[in-house]
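Visitor: Sequence and predicted model, in that order:
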Amino acid sequence: MANRIEQARAAVDACIREAYLRAAAAGDLPEGADVRGSVEQPKDTANGDFAANHAMASAKTMHMAPRKIAEALIAHMDLNGTWFASVEAAGPGFLNFRLSDKWYQDVLTAVDDAGADYGRVDDGHGEKVMVEFVSANPTGPMTIGNARGGVLGDALASVLDRAGYNVWREFYVNDAGNQVDLFGKSIEARYLQLIQGEDAVAFPDNGYHGDDIKELARLIYERDGDKYLTMPSAERCAAFVAFGLPYNIARMQRDLERYRIHFDQWFLESSLHSSGYVAQTVQLLVDAGLTYEKDGALWLRNTDLGADKDEVLRRSNGFYTYYAVDIAYHRNKFIERGFDRVIDVWGADHHGHAIRFAATMRAPALGLEGRKLDFLIMQMVRLMRGNEIVKVSKRTGKALSLADLMDEIGVDACRFFFNAKPDSHLEFDLDLAIRQDSENPVYYVQYAHARICTLLAAMAEAGCAVPAAADVDAALLTTPQERELIKQIAMLPEEIHLAARDYDPSRINRYVTELAARFHRFYNVCRIKDAEPAVRDARLKLADTTRRVLEIGLGIPHRKKCDRNSETCKCPPTAHAGEGIFGGGHFCDFVRKRQQRAAGEWRHAAVERAKIRREKKEIGRTLS
């Protein structure tokens, strides 16, 4: 797909190289030089849209002052038929290129041509990638950490998909091992306490104390009464696990579906044990001489593989450790299911484990040469309400879960705020997340979309349909606000490329926020309805193009998709194209609620704020 930013950089480089060949042929520059350099977009575009340092990079090999090289290149540069209107030398030898009307026209055309696929790039060339994330223990409700990991994993998977990778989302269910045994014993204790009294039955010291365990015990008792009272403990615990795990997993699935996260597979740890795959994997390490026995346990010589300590694979009681199972699981991902790359989204507390585990997976005995295992380590989350740390739900008074958070602030805000830069600690301001003003980035972006939908509806009623890009003249879009908005629209493919390369889907948050900001500036400065017809049509097309890119970039506003054929649907005809990076839908309710704000309340508030500022200035002058 068209990446007009990258293509413009390549065009700058080509113009410079062609100019060098002509300058060398004319004797103005030495022949045989390899003219290379970088092309960047300067933050201050007053002197140009792209800046190249080729002249400075070539000064040493040409034995000339960079400024002289730059001037010679400009003298032999032909911009006819290119995307550039002018080029000039600046400073010590920068070459500053200014974009032409043709480039701005081609950006609008690229969005029209690509439709819902605008922004897609082919970095991955179909490489098969698994993103494994959340993977919370099914022994209790999902936590706030799971909420952040869920969004980061899901958003990263979407970004990778848009970057040309063949992406698979997976949830690893820890339905075996010590934590499951303890889960059964915890339910057993609560069940017996319901029948015999809390003082009559001791609760396991390391058991699960959450109210969700009491709820499971109550459900079992309401269904079966004291049926399990005389049953042997092991049999009773197995029955409770058989009820409790599916119940909790189903609740996780419901919460995650509500959170707009859809997994391709929920992979059961127990399947690795029952198939013998764990034992087979460990035997590969034994046969390769990478293990030893100590105190009745089987150890992995992980220090020989570059780690800082050895790891236990099988305990003295004959049970395999989580570490051994994890090796088998990842071998299954690569060998049995053929993934070229696996990305695990883990919390900050797994950082050391990730380093040691990466060393293990490089063992030749596992046969993973050429496969790529990466980790996205996310930092901790701290929920704030004002200046206070929030640890419990306002509604239930219990430890705050993902479901509680969605109830309190909504899915949109959860997904947006949790999609912060993964390697940064996150302070999530719950008060900010529900504010309806420009300080709340979710509202700010949603409001930009609502403004456009309101505009399109009003213009349609007036008989002004959105034209095709080919039918408008981008040369009429000459204000700085119009040009900056088009440049931001052009940046989406580049942002997808960078977000996929760096495993940083938070770039898309920042992108749509800046896109919304530039639209608001454009909307406040450039008249549309009362403009000359040709200008009106060009600006209307620019507004609609912005809407389409907002929807692609963010899935505005993370609400359930409405039926375009429904009588209640108030979205414009093209509002249902595409699927956002964050799995959102469209929002008739939001549009309806905001139409009057867009028409009156927002502007009224702006007028009031301006009036207050004038009064303050007047008071200041009086006092002085």
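Guide: Yep, that arrived.
Visitor: you'd agree residue 106 is up against residue 8?
Guide: No. Taking C-beta atoms under 8 Å as the definition, residue 106 is not a contact partner of residue 8, at 9.7 Å. (Each C-beta comes from the backbone N, C-alpha and C, glycine too.)
Visitor: Spell out which residues are contacts of both of the two.
Guide: When contacts are counted by C-beta atoms under 8 Å, 6 or more residues apart in numbering, residue 106 and residue 8 have residue 83 as shared neighbours.
Visitor: who's more crowded, the two?
Guide: Per other C-beta atoms under 10 Å, whichever of residue 106 and residue 8 has more neighbours is residue 8, with 24 against 20.
Visitor: how near is the more buried one to residue 475?
Guide: Per C-beta to C-beta, to the nearest Å, residue 8 is found 18 Å from residue 475.
Visitor: Specify the helix with the largest residue count in this structure.
Guide: The longest helix of the chain (DSSP state H) is helix 233-258.
Visitor: Beyond that helix, next helix or strand please.
Guide: Note on helix 233-258: by DSSP states H and E, the next helix or strand toward the C-terminus is strand 265-268.
Visitor: and that next one, what does it pack onto?
Guide: Packed against strand 265-268 by the contact rule (3 or more C-beta pairs under 8 Å, 6 or more residues apart in numbering; DSSP states H and E) you find strand 166-173.
Visitor: neighbouring contacts of the helix or strand following the strand it packs on?
Guide: Heading C-terminal from strand 166-173, the first helix or strand you meet, by DSSP H and E, is helix 178-196. Residues from elsewhere that reach helix 178-196 (C-beta under 8 Å, 6+ apart): 137, 139, 174, 200-204, 206-209, 213-214, 216-218, 220-221, 226, 228-229, 233, 236-238, 240-241, 244-245.
Visitor: are any of these buried, and which?
Guide: The neighbour count (16 or more other C-beta atoms under 10 Å) marks 137, 139, 174, 203, 207-208, 213-214, 216-217, 220-221, 228, 236-237, 240-241, 244-245 as buried among those.
Visitor: where does the stretch 451-600 of the chain have low pLDDT?
Guide: Scanning the stretch 451-600 of the chain for pLDDT under 70 picks out the ranges 555-600.
Visitor: one more time with 50
Guide: Across the stretch 451-600 of the chain, the ranges flagged by pLDDT under 50 are 556-579, 585-600.
Visitor: Give me the mean pLDDT for stretch 275-286.
Guide: Stretch 275-286 carries an average pLDDT of 98.
Visitor: buried sites along that stretch?
Guide: By 16+ other C-beta under 10 Å, the buried positions in stretch 275-286 come out as 277, 278, 281, 282, 284, 285, 286.
Visitor: Show residues contacting the helix or strand harbouring the last one.
Guide: Okay, so that is residue 286. Element membership of residue 286, judged by DSSP H and E, is helix 277-287. Helix 277-287 has contacts (C-beta under 8 Å, 6+ apart) with 271-272, 291, 298, 300, 313-314, 320, 324-325, 327-328, 331-332, 363, 365-366.
Visitor: Mind listing what's buried along stretch 75-89?
Guide: Buried residues in stretch 75-89 (16+ other C-beta under 10 Å): 76, 77, 79, 82, 83, 84, 87, 89.
Visitor: nearest to residue 481, of these?
Guide: The closest of those to residue 481 turns out to be residue 83 (C-beta to C-beta; 20.7 Å).
Visitor: so the closest one makes contact with residue 103?
Guide: Yes. Using C-beta under 8 Å, residue 83 is in contact with residue 103, at 3.9 Å.
Visitor: if I look at these two, which residues touch both of them?
Guide: residue 8.
Visitor: which residues of the stretch 401-550 of the chain fall in helices?
Guide: Using DSSP state H, counting those that start in this stretch, the helices of the stretch 401-550 of the chain run over residues 402-409, 411-418, 430-434, 441-461, 480-490, 492-502, 506-525, 533-554.
Visitor: closest to residue 121 out of those helices?
Guide: helix 492-502 (5.1 Å).
Visitor: Now do that closest one against helix 506-525, angle only.
Guide: Between the axes of helix 492-502 and helix 506-525, defined by axes from the mean of the first three to the mean of the last three C-alpha atoms, to 10 degrees, the angle is 160 degrees.
Visitor: List the buried residues of stretch 258-267.
Guide: Neighbour counts over stretch 258-267 (16+ other C-beta under 10 Å) mark 259, 260, 261, 263, 266, 267 as buried.
Visitor: what's the fourth one in contact with, if anything?
Guide: It refers to residue 263. 169, 170, 171, 256.
Visitor: Residues in a beta bridge with residue 173, which ones?
Guide: Taking DSSP bridges as the rule, residue 173 bridges to residue 268.
Visitor: List the contacts of it.
Guide: Counting by C-beta under 8 Å, 6+ apart, residue 173 has contacts 135, 138, 249, 266, 267, 268, 269.
Visitor: What separation is there between the closest residue to the second one other than its chain neighbours and residue 404?
Guide: Distance criterion C-beta to C-beta, 6 or more residues apart in numbering; nearest residue to residue 138, sequence neighbours excluded, is residue 248 at 4.6 Å. Residue 248 sits at a distance of 16 Å from residue 404 (criterion: C-beta to C-beta).
Visitor: same thing with residue 539?
Guide: Residue 539 is 44 Å from residue 404, by C-beta to C-beta.
Visitor: ok, these two, which is more surrounded?
Guide: Legend: neighbour count by other C-beta under 10 Å for residue 539 and residue 404, higher for residue 539 (24 against 19).
Visitor: sorry, back to before: just the CA trace of the helix holding residue 286, in PDB.
Guide: Extracted as PDB, the C-alpha positions of helix 277-287 are listed here (Å, rounded to 0.1, in the frame of the first residue of the first chain):
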ATOM      1  CA  TYR A 277       4.800 -33.500  24.900                       C
ATOM      2  CA  VAL A 278       6.400 -32.200  28.100                       C
ATOM      3  CA  ALA A 279       8.200 -35.500  28.800                       C
ATOM      4  CA  GLN A 280       9.300 -35.700  25.200                       C
ATOM      5  CA  THR A 281      10.700 -32.200  25.300                       C
ATOM      6  CA  VAL A 282      12.600 -32.800  28.500                       C
ATOM      7  CA  GLN A 283      14.000 -36.000  27.100                       C
ATOM      8  CA  LEU A 284      15.600 -34.000  24.200                       C
ATOM      9  CA  LEU A 285      17.500 -31.900  26.800                       C
ATOM     10  CA  VAL A 286      18.500 -35.000  28.700                       C
ATOM     11  CA  ASP A 287      19.800 -36.700  25.500                       C
END
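Visitor: After it, which helix or strand is next?
Guide: Later in the chain than helix 277-287, the nearest helix or strand by DSSP H and E is strand 291-294.
Visitor: Residues in contact with that next one: which ones?
Guide: Contacts for strand 291-294 (C-beta under 8 Å, 6+ apart): 282, 285, 298, 299, 300, 301, 313.
Visitor: Just the pLDDT for the fourth one.
Guide: On pLDDT, residue 299 comes in at 98.
Visitor: circling back to that earlier point, okay if I get the contacts of residue 263 as TSV plus neighbour count, distance to residue 370 and pLDDT?
Guide: Listed next are the contacts of residue 263 as TSV, based on neighbours: other C-beta atoms under 10 Å; distance: C-beta to C-beta, whole Å; pLDDT from 0 to 100:
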residue	neighbour count	distance to residue 370	pLDDT
169	20	23	97
170	24	21	98
171	23	26	98
256	22	33	95
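Visitor: closest to residue 18 among those?
Guide: Each of those was scored against residue 18 by C-beta to C-beta, and residue 169 proved nearest at 46.1 Å.
Visitor: That closest one contacts residue 153, correct?
Guide: Yes. Between residue 169 and residue 153 there is a contact under C-beta under 8 Å: 7.2 Å.
Visitor: which residues do the two both contact?
Guide: 131, 133, 261.
Visitor: Need these in TSV (columns: pLDDT and distance to residue 480).
Guide: Formatted as TSV, the shared contacts of residue 169 and residue 153 follow (pLDDT from 0 to 100; distance: C-beta to C-beta, whole Å):
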residue	pLDDT	distance to residue 480
131	98	40
133	97	41
261	94	40
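Visitor: Rebuild those as CSV, extending it with distance to residue 441.
Guide: CSV is the format used below for these (distance: C-beta to C-beta, whole Å):
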residue, distance to residue 441
131, 25
133, 23
261, 21
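Visitor: Having no further points to raise, I will conclude here.
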